[in-house]
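Student: sequence? don't have it. structure:
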C-alpha cells in the first residue's frame, strides 16, 4: 500500500464563502469550493499542526504533514510566562535569557513530505472544515457510502476525490477542547464497509484543527491598578410628591379617621419642585390595595387613562375638586372595602392608595389631564 498523508491547514480569516449546499446533496463544483478556501488559507501562511501519534493499527493509513512557508512573525505560546520579559523599563538593560531563547531558538527540522498527493487533506477555517479523500485508494465505486466525517456523509465528488464540505456548526460530531494557547476542534474520517465481502481495508483517521489564541506583546506593559475606597453620595430627588388626607373643609387630618362605606374621603396631591414654573400637577393613575405592597392583589383602579376619574362611573363621591394652586390637586373618593374584608364585620379595615403623579403643561392634553365622569353624557 502506498504511503499517504493528511495535510492540515489553519486559517483565521473570517471572510465568508457562500456554500451551494452543505447537507447531503452534492455541490455544484466541490473542487472550486475547495480551491476558494485553500487560496484564503495560503494567504494566511498559517503553520502546520502535526497530529499526535497513536492513530491505531498499522493497517490504517499513515499520517504525515507537508511543510509550509515560514510565517512572517514568531509565535510564542500564550501559556508561556514571559510577559515580564517584554515589559517596558526606563533606561537600558541586557536582553533576558528567556527572550534570547525565543528569538534565537533552533528551528525544528522540516517534516517529511509524502510522495504524491496525500490520501486525506483537510482545510481548517474559522467557521468550516473541508476534507477530501482520494478516490483511487478504494477498489469499489460504492466506497463513498461507507465513508464518513464523524457522522456526516460525503456531500461532493469529482473524478479524483470524495469531499466533505461542512460548516463547523453542522451536526457532524465536531468536538472542541480549549487550552491556554489554542482552541482545538477534532473529528475523525472513518471508513467502515459493512458488506459480507471485504474489498477495502477499514480505517479511522483522527483530524484536528487548532485555532491559536493571539496575544500582543505591547499589552504586557500596561497594568493599571485602581486604588482608593468607595464614595457614597446621597441622591436627592428634584421633585417630591405627597398625598395628604384631608377633611371636607380642606384641613389636614392629624389623626386616624374611620369612614363608613360610601362616605367621601378627601385627598390633596402635592408636588414640590423648584423647576415647576409654567407647569401643572396631574394625577395620572391611582389604585387601591389591601396591603402596603403596590404589587399586591387584589387591586382596584380609581383613576386611570392619564387622569380620568374611573371610579366616578360607580359613585358620585369620586371626582376632582377645584383648586387654585397649579402644583396641587384635590380629589375625593367613596369609602369602600374589599370583598374579602367583609368576613369580619364591625372591625375597622385598612386600604392603601398608590398614585402616579407628574408635572405637565398648564393646558390639558390627552396625556396630561384631570377629567371627571359626567353622568348625563356618560363620558
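Tutor: Now that the structure is in, tell me what you want to look at. Being a predicted model, the structure only gives us computed values, none of them experimental.

Student: Would you mind measuring from residue 358 to residue 332?
Tutor: Residue 358 sits 21 Å away from residue 332, going by Cβ to Cβ, to the nearest Å. C-beta: built from backbone N, CA, C; applies to glycine.

Student: swap in residue 340?
Tutor: In terms of Cβ to Cβ, residue 340 sits 25 Å off from residue 332.

Student: So which bits of whichever helix in the chain runs longest are buried?
Tutor: What stands out as the longest helix in the chain, according to DSSP state H, is helix 30-44. Buried positions in helix 30-44, judged by neighbour count with 16 or more other Cβ atoms under 10 Å: 30, 31, 33, 34, 37, 38, 40, 41.

Student: Report all helices and strands that it contacts.
Tutor: Applying 3 or more Cβ pairs under 8 Å, 6 or more residues apart in numbering; DSSP states H and E, we find helix 30-44 packed against strand 6-10, strand 120-124, strand 128-134, strand 156-157, strand 161-167.

Student: Provide the strand pairings for the helix or strand containing residue 265, with the direction of each partner.
Tutor: Assessed by DSSP states H and E, residue 265 sits inside strand 264-272. Note on strand 264-272: by DSSP bridges, its sheet partners are strand 240-246 (antiparallel), strand 328-334 (antiparallel).

Student: most tightly surrounded among these?
Tutor: Ranked by mean neighbour count, the strands paired with strand 264-272 are led by strand 328-334 with a mean of 20 (mean count of other Cβ atoms under 10 Å).

Student: which outside residues touch the very next helix or strand once past it?
Tutor: Elements were assigned by DSSP H and E; along the chain past strand 328-334, the next helix or strand is strand 352-361. With contact meaning Cβ atoms under 8 Å, 6 or more residues apart in numbering, strand 352-361 is reached by 239, 241, 243, 267, 269, 271, 273, 276, 278-292, 294, 302-303, 327, 333, 367-368.

Student: from the middle of its chain, how far away would strand 352-361 be?
Tutor: Relative to the mean C-alpha coordinate of its chain, strand 352-361 is positioned 38 Å out (Cα atoms, centre = their mean, to the nearest Å).

Student: What strands flank it, and is each parallel or antiparallel?
Tutor: Strand 352-361 is paired, per DSSP bridges, with strand 279-289 (antiparallel).

Student: and the next element down the chain from the strand it pairs with?
Tutor: strand 300-304.

Student: relative orientation of that next one and strand 328-334 in degrees?
Tutor: Strand 300-304 runs at 140 degrees relative to strand 328-334, counting by axes from the mean of the first three to the mean of the last three Cα atoms, to 10 degrees.
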